[in-house]
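Peer 1: Got a sequence here, can you build the structure:
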Amino acid sequence: MTIGRAVTLTAGTLILVSLIFARVGSDWWLLLAAFVGANLIQSSFTGFCPAASIYRRLGVRPGGAFG
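Peer 2: Next up is the predicted model:
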């Protein structure tokens, strides 16, 4: 798995989890989905993604948008 795929997998998972938790629990979980979406927009403009930095330190193979 490459860093780009790991980042998109993480973002998608967090958004789906927040939607499920908002449905069965509190609407406050939607803030997690908003945070992930805002981070994706921010990284598209700046090229900096905190999750990619973490995956890079963990030794995930470079590749994709964050290679």
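Peer 1: Would you mind listing the outside residues contacting the top helix by length along the chain?
Peer 2: Ranked by residue count and defined by DSSP state H, the top helix of the chain is helix 3-24. Helix 3-24 is contacted by residues 1, 28-33, 36-37, 39-40, 49, 51-52, 55-56, 60-67 when judged by C-beta atoms under 8 Å, 6 or more residues apart in numbering. The C-beta positions use only the backbone N, C-alpha and C, and glycine is treated the same way.
Peer 1: run the last query once more with 10 Å
Peer 2: 1-2, 27-37, 39-40, 43, 49-56, 58, 60-67 (C-beta atoms under 10 Å, 6 or more residues apart in numbering).
Peer 1: Kindly write the ChimeraX command that selects the buried subset of the residues you listed.
Peer 2: Typed into ChimeraX, the next command selects the buried ones out of the contacts of helix 3-24 (criterion: 16 or more other C-beta atoms under 10 Å):
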select :2,29,32,33,36,39,43,49,51,52,55,56,60,66
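Peer 1: And the longest helix of the chain, what's buried?
Peer 2: I3, G4, R5, A6, V7, T8, A11, L14, I15, S18, F21, A22.
Peer 1: Could you look up the SS state of W29?
Peer 2: helix (DSSP: H, G, I helix; E, B strand; the rest coil).
Peer 1: show me the residues around it that make contact.
Peer 2: V17, S18, L19, I20, F21, A22, R23.
Peer 1: Check the residues you listed and tell me the two furthest apart.
Peer 2: V17 and R23 (10.8 Å; C-beta to C-beta).
Peer 1: per-residue pLDDT, the one residue sitting closest to the centre of the chain?
Peer 2: For the chain, A11 is the residue whose C-alpha lies nearest the centre (C-alpha atoms, centre = their mean; 2.8 Å). Turning to A11, the model gives it a pLDDT of 97.
Peer 1: Same check on the one 3 residues further on?
Peer 2: Residue-level confidence at L14 comes out at 98, pLDDT.
Peer 1: Also G63?
Peer 2: On the pLDDT scale, G63 gets 89.
Peer 1: Please list all residues in contact with it.
Peer 2: G63 touches M1, T2, I3, G4, R5, A6, counting by C-beta under 10 Å, 6+ apart.
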